[in-house]
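[1] Provided below are the primary sequence and the corresponding predicted coordinates.
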Amino acid sequence: MSSEFFGPNEIYVGRDFGGFDFVVTPTSVENYIAGTGDHNAWYTSDSPLGGPTAPALILHSAVFRRHDWYLPNIFGNLHARQEWQGFEPIHPGDQLHSRSLIVDRYIRRDREYVVNECLILNSDGRVVQRSRTHQSFLMTPAEGSTGFAVDRTREKSGARVFNVGQRGGEPLETPMRRVSQAMCMSFSGPGRNYHTDTEEARKLGFPEIVVQGMLSVCMIGELMTRRFGVGFMVGGRFDLRLVNVLWAEEVTGAKGRILERHPEGERSRAEVEVWSEKADGTVTVIGTASALEL
């Protein structure tokens, strides 16, 4: 009924964008591994769940399967924040369905944000995962001497420096790896877009290929899976802010520190400070994550 009060192209809170069907195939798992560099043996051989299990974030871009929930000015648009919760593991062969809904719009400084909640359901209709994607859009086109909305100078600003890992706790990390253009194509392809092609990136106000924000998010998922295993797949969650752009061919890795543990039913939950950084120490993602200790 609410659709009767809004225009057909209006992006309003409560607008339901439906979803898509997905089948988790060996090829999709292979593409995930090629795109992220996450070569967890559980994805291709036995796991504690019996047989292979898919990466927790195998459907990392389900919400981006369509873009008609974006605001009209896509010049300089950026993925700003990602929330996620996992409730059940995903296995190769699973048939899943997504459903997305606009749940918030807000303004901060010169950007407007649209929040899309995406549910992943299994063939029985049970919710497997829940995520909220905050996408930011410039309210007016950016102007400057470079002609870019965002370039490498932005991350050198004092306002883009973030202090992380200062509170002690057990350290966690993934191997640092270079995000090649081939990885970008595996993760964000096969089409040409600003995550896979320099020319397309420049059309949207970026001087180089912008590594899709979800790749850094998946590296946080890798970090948590390495440490907590099934306890992340069935009880994990995170809330991440993407604070600096990662460019193609840069070296990056995820890090974290377990800050505390507290009871949750008959289990305990570990609370973790997490972040991603480049080889030069530039922080690209900051946030919190947690998992059950099984």
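    Sure thing, it's come through.

[2] C-terminal to the longest helix anywhere in the chain, what's the next element?
    Counting by DSSP state H, the longest helix found in the chain is helix 213-228. Toward the C-terminal end, the helix or strand that comes next after helix 213-228 (DSSP states H and E) is helix 230-233.

[3] sorry, back to before: quick one: average confidence on the longest helix of the chain?
    Helix 213-228 carries an average pLDDT of 98.

[4] ok now that helix, how far from the chain's centre?
    How far helix 213-228 lies from its chain's middle: 9 Å, per CA atoms, centre = their mean, to the nearest Å.

[5] separation between residue 205 and residue 107?
    19 Å (CB to CB, to the nearest Å). C-beta: built from backbone N, CA, C; applies to glycine.

[6] ok, now which ones touch the spatially most central residue of the chain?
    Centroid-nearest residue in the chain, with CA atoms, centre = their mean: residue 214, separated by 3.0 Å. Taking CB atoms under 8 Å, 6 or more residues apart in numbering, we find residue 214 in contact with 57, 60-61, 64, 79, 82, 187.

[7] what's the closest of the residues you listed to residue 128?
    Closest approach to residue 128 among those (CB to CB): residue 57, at 11.9 Å.

[8] thinking again about what came up before, for the longest helix of the chain, list every residue counted as buried.
    Across helix 213-228, burial judged by 16 or more other CB atoms under 10 Å covers 213-225, 227-228.

[9] one step back: among the contacts of residue 214, which are in strands?
    Of the contacts of residue 214, the ones assigned to strands by DSSP state E are 79, 82.

[10] farthest-apart pair in the contacts of residue 214, please.
    Among the contacts of residue 214, 82 and 187 lie farthest apart (CB to CB), at 14.9 Å.

[11] now residue 183: phi and psi?
    Dihedral pair for residue 183: phi -60, psi -40, per degrees, to the nearest 10.

[12] residues near it, how many?
    Counted with other CB atoms under 10 Å, the neighbours of residue 183 add up to 19.

[13] and if you look at residue 140?
    8.

[14] mind checking how far the residue nearest to it when sequence neighbours are not counted is from residue 119?
    Of all residues not flanking residue 140 in the chain, residue 110 sits nearest, at 7.1 Å (CB to CB, 6 or more residues apart in numbering). Residue 110 is 31 Å from residue 119, where distance means CB to CB.

[15] ok, those two, which is more surrounded?
    For the pair residue 110 and residue 119, the greater number of neighbours falls to residue 119 (16 against 12), based on other CB under 10 Å.

[16] isn't the more buried one right up against residue 96?
    No: Residue 119 lies out of contact with residue 96 (CB atoms under 8 Å); the separation is 10.2 Å.

[17] anything in contact with each of these two?
    Contacts common to residue 119 and residue 96, judged by CB under 8 Å, 6+ apart, are absent.

[18] contact partners for residue 201?
    Counting by CB under 8 Å, 6+ apart, the residues that residue 201 touches are 194-195, 207-210.

[19] which of those residues sits closest to residue 234?
    Closest to residue 234, out of all of the contacts of residue 201 and judged by CB to CB, is residue 195, at 29.9 Å.

[20] quick check: that closest one touching residue 213?
    No: Residue 195 lies out of contact with residue 213 (CB under 8 Å); the separation is 9.1 Å.

[21] count the residues that sit near the closest residue to residue 277 other than its chain neighbours.
    Among residues not flanking residue 277 along the chain, residue 283 sits closest, at 4.9 Å (CB to CB, 6+ apart). Residue 283: 19 surrounding residues under other CB under 10 Å.
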